[in-house]
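Peer 1: give me a model of this one.
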Amino acid sequence: MIGGSDTVIGFKALGLDTFPVNSDEEASAAFKQIIQTENDPYAIVYVEETWAEGLSSAIHKFRSDPELAIILIPGRDGSRGMGLQALKDAVEKAVGSDITGD
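Peer 2: A predicted model of the protein is given here:
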């Protein structure tokens, strides 16, 4: 889980590895650390939407990777709509059209 300290604390309580960040640079470094882990590779990476914008090009590279799911989640300030849009895009790609009705 990559996110602000207020966001990652809940994930840490669940036993997930957390990477609290305070800047785009820290988020980028955490993302690089996660994707370069060889001994214990991650299958799912949660990224707070606040930091996803700065990681958009790196995240985009993994959109079609079947071994790594990157899930965007809202931060404590609420949703920016990025996670929902990513989900809609994935559904549209999988079924060939927008079935969400939005």
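Peer 1: for the protein, what spans make up the strands?
Peer 2: 2-3, 19-20, 44-48, 69-73 (DSSP state E).
Peer 1: out of those, deepest packed?
Peer 2: Between the strands of the chain, strand 2-3 has the highest mean count of neighbours, a mean of 28, where neighbours are mean count of other Cβ atoms under 10 Å. Glycine gets a C-beta too; all of them are placed from N, C-alpha and C.
Peer 1: packing partners for that strand?
Peer 2: On a contact count with 3 or more Cβ pairs under 8 Å, 6 or more residues apart in numbering; DSSP states H and E, strand 2-3 meets strand 19-20, helix 24-35, strand 44-48, helix 49-52.
Peer 1: would JSON lines of these with distance to residue 66 be doable?
Peer 2: Below are the helices and strands packed on strand 2-3 laid out as JSON lines (distance: least, Cβ to Cβ, whole Å):
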{"stretch": "strand 19-20", "distance to residue 66": "23"}
{"stretch": "helix 24-35", "distance to residue 66": "14"}
{"stretch": "strand 44-48", "distance to residue 66": "12"}
{"stretch": "helix 49-52", "distance to residue 66": "20"}
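Peer 1: could I get the strands of the chain as TSV with distance to residue 60 and mean pLDDT?
Peer 2: Formatted as TSV, the strands of the chain follow (distance: least, Cβ to Cβ, whole Å; pLDDT from 0 to 100):
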stretch	distance to residue 60	mean pLDDT
strand 2-3	16	94
strand 19-20	19	96
strand 44-48	12	91
strand 69-73	10	86
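Peer 1: can you lay out these as JSON lines showing distance to residue 61?
Peer 2: As requested, those are exported to JSON lines (distance: least, Cβ to Cβ, whole Å):
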{"stretch": "strand 2-3", "distance to residue 61": "16"}
{"stretch": "strand 19-20", "distance to residue 61": "18"}
{"stretch": "strand 44-48", "distance to residue 61": "13"}
{"stretch": "strand 69-73", "distance to residue 61": "10"}
